[in-house]
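**Q** A predicted structure for the sequence below; I have some questions about it.
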Amino acid sequence: MKLAITYAELQDYVASRFHKTVNLGYVDGATVSVSVPIKVLGFTKSISINLIVKKIEGTDLFLSYGGKMGIDLLVSPAISYAKKLVPEKAGWVEQMPGNIVKLRLGDIDKLQKVLEKVELKAIRFTPENIEAEIGLL
């Protein structure tokens, strides 16, 4: 079974739920570009990062990240900051060597019950959508 969401739908959801502008763009079947505008000295600069789906093991999703020079210097502090903001949820994100981030999807409260019934098999990107392939357990 496939589930799909358009980039526009996800961007709108993030904007309405978290009041943040995020721009998503297709790169290839395994890679999506994520950019966020930030203000620096009165100018707006866009910071972008490419997220690559490396593998799925059980309920763990492994993403690799890359971008322009220095992006890895922003990711570690951002993850640390997020863990401090929400310490009770800090365990579901783990930064690993080689610009890899492990997301423990099975540890996310709202996904636990879903992942008891379905298995995430793949995540792919198309020019229009993010697609998740799932199987019933």
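**A** Alright, I've got the coordinates.

**Q** residue contacts, the most centrally placed residue in the chain?
**A** Centroid-nearest residue in the chain, with CA atoms, centre = their mean: residue 51, separated by 7.0 Å. For residue 51, the contact set (CB atoms under 8 Å, 6 or more residues apart in numbering) comprises 31-34, 63-65. No exception for glycine: its C-beta is placed from N, CA and C like everyone else's.

**Q** Can you tell me who it pairs with across the strands?
**A** When bridges are called by DSSP bridges, residue 51 pairs up with residue 32, residue 65.

**Q** thinking again about what came up before, what is the nearest of the contacts of residue 51 to residue 126?
**A** Using CB to CB, residue 32 is the member of these that lies nearest residue 126, at 10.2 Å.

**Q** Quick check, pLDDT for the closest one.
**A** We note a pLDDT of 96 for residue 32 in this prediction.

**Q** All the strands of this structure, residue numbers only.
**A** For the chain, applying DSSP state E gives strands covering 2-6, 23-28, 31-40, 43-57, 60-67, 93-96, 100-104, 118-125, 129-136.

**Q** Would you mark the buried spots in the least confident helix or strand in the chain by mean pLDDT?
**A** The helix or strand of the chain with the lowest confidence, counting by mean pLDDT, DSSP states H and E, is helix 71-85 at a mean of 72. With burial defined by 16 or more other CB atoms under 10 Å, the residues of helix 71-85 counted as buried are 75, 83.

**Q** Just the angle for that helix relative to strand 43-57, thanks.
**A** 80 degrees (axes from the mean of the first three to the mean of the last three CA atoms, to 10 degrees).

**Q** Show me what helix 71-85 is packed against.
**A** With contacts taken as 3 or more CB pairs under 8 Å, 6 or more residues apart in numbering; DSSP states H and E, helix 71-85 sits against strand 43-57, strand 60-67, strand 93-96.

**Q** what about 7 Å?
**A** Counting contacts by 3 or more CB pairs under 7 Å, 6 or more residues apart in numbering; DSSP states H and E, helix 71-85 is packed against strand 93-96.

**Q** Identify the residues contacting the strand it packs on?
**A** For strand 93-96, contacts defined as CB atoms under 7 Å, 6 or more residues apart in numbering pick out 76, 79, 83, 101-103.
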